[in-house]
Structure formats: structure tokens, C-alpha cells
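1. I'll drop the sequence and a predicted model, then ask my questions.
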Amino acid sequence: MNYTEFLYSFPNASSTLRVIRHLRNNYQSALKSVTVINLVDRWLLKANLKDSMSYSSAKNLQAFFSEMGIFTQPSPKIIRVLARLEAGESPTAVMNRYQVVIVAYGKPELEEIEIFRDQIIERLGYCPQNMV
């Protein structure tokens, strides 16, 4: 089966959570997997959806992503991270090897992102802009 991929970056946790909610509420049946990576200055989200979704649904989703964030061309390091995850390597092993923070992988769970955000804020003692 083929998949449609969307790779966008979002400025903060709130935007990322809104995108995850939108995916879960409107594209659950077409959703294969979602990868959420926290970078120092933004959040990166890769969504894999089944090609069986209609052209108009794919365009609507692309418009939503473009409204919330920006299409991104990942660095070579992030390309390798995403490839290792797709190859079946565990998120923990990939994080250790590439020193990157994978917040969620697989079916999107809002709680994973919320817990991560809360832990970062608690450890720092303040809320950085990308955790808003």
C-alpha cells in the first residue's frame, strides 16, 4: 500500500496539539502514523496517510497544515531519523543514536505531547516560546 506524507514544522506545542486533534477527528481512518519531533526552536510533524484518501481530502489537509505551520525540508540528520523509524527501529534507539527528541511516534496521542511539555516547563522553571 502507498502512503501520502506531509512534513511540516509548527512554532509551538499548541499548534502541534491542534494539528494532532484535527488528524484524530477528521482523518483517523486514513492515518497510518504520525511522528512528532521537538527541535530547539520548533516542532516537526510527519504524517503518513493512506493513498486511499480522496484528492480533495488530501488538499484540505494540506491547506490546514499550511495554515498552521510551514512545509519543511528536513536536515540530513532528520531525514536519517525518519528513515530509521520507518525501518522499524525503536524511537528510543533512534533518539540515543541521533540525539534528537522524538515526542510521539505511531498513532497520535495528545497526552504524550502534553506530558512532554509539562515536564520541560517544570524542569526549566519557565515556559519557553516553543512550549506555549
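-> Perfect, I can see it now. Residues are numbered from 1 along each chain as shown.
2. going forward, measure contacts and count neighbours with C-alpha atoms only.
-> Noted.
3. for the residue of the chain most remote from its centre, give its distance to Asp118.
-> Using Cα atoms, centre = their mean, the residue of the chain lying farthest from its centre is Gly125. It sits 25.1 Å away. Look at Gly125 and Asp118: by Cα to Cα, to the nearest Å, they are 10 Å apart.
4. could you do Ile37 as well?
-> Going from Ile37 to Asp118 by Cα to Cα gives 16 Å.
5. looking at these two, which is more packed in?
-> Ile37 (23 against 12; other Cα atoms under 10 Å).
6. and the host helix or strand of that one, what does it pack against?
-> Using DSSP states H and E, Ile37 falls within strand 31-38. For strand 31-38, the packing partners by 3 or more Cα pairs under 8 Å, 6 or more residues apart in numbering; DSSP states H and E come out as strand 43-50, strand 101-106.
7. send me the longest one as PDB with only the CA atoms.
-> Backbone C-alpha positions of strand 43-50 (Å, rounded to 0.1, in the frame of the first residue of the first chain) are rendered in PDB as follows:
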ATOM      1  CA  TRP A  43       8.100  21.200  16.400                       C
ATOM      2  CA  LEU A  44       8.300  18.900  13.400                       C
ATOM      3  CA  LEU A  45       5.400  16.700  12.400                       C
ATOM      4  CA  LYS A  46       5.400  14.000   9.800                       C
ATOM      5  CA  ALA A  47       2.000  12.400   9.000                       C
ATOM      6  CA  ASN A  48       1.700   9.300   6.800                       C
ATOM      7  CA  LEU A  49      -1.800   8.800   5.400                       C
ATOM      8  CA  LYS A  50      -3.200   6.000   3.200                       C
END
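8. what pairs with it, parallel or antiparallel?
-> strand 3-10 (antiparallel), strand 31-38 (antiparallel) (DSSP bridges).
9. the last one too?
-> As defined by DSSP bridges, the strand partners of strand 101-106 come to strand 31-38 (antiparallel).
10. contacts for the partner strand next, please.
-> When contacts are defined by Cα atoms under 8 Å, 6 or more residues apart in numbering, strand 31-38 is touched by residues 3, 23, 43-50, 100-108.
11. perfect, that will be all.
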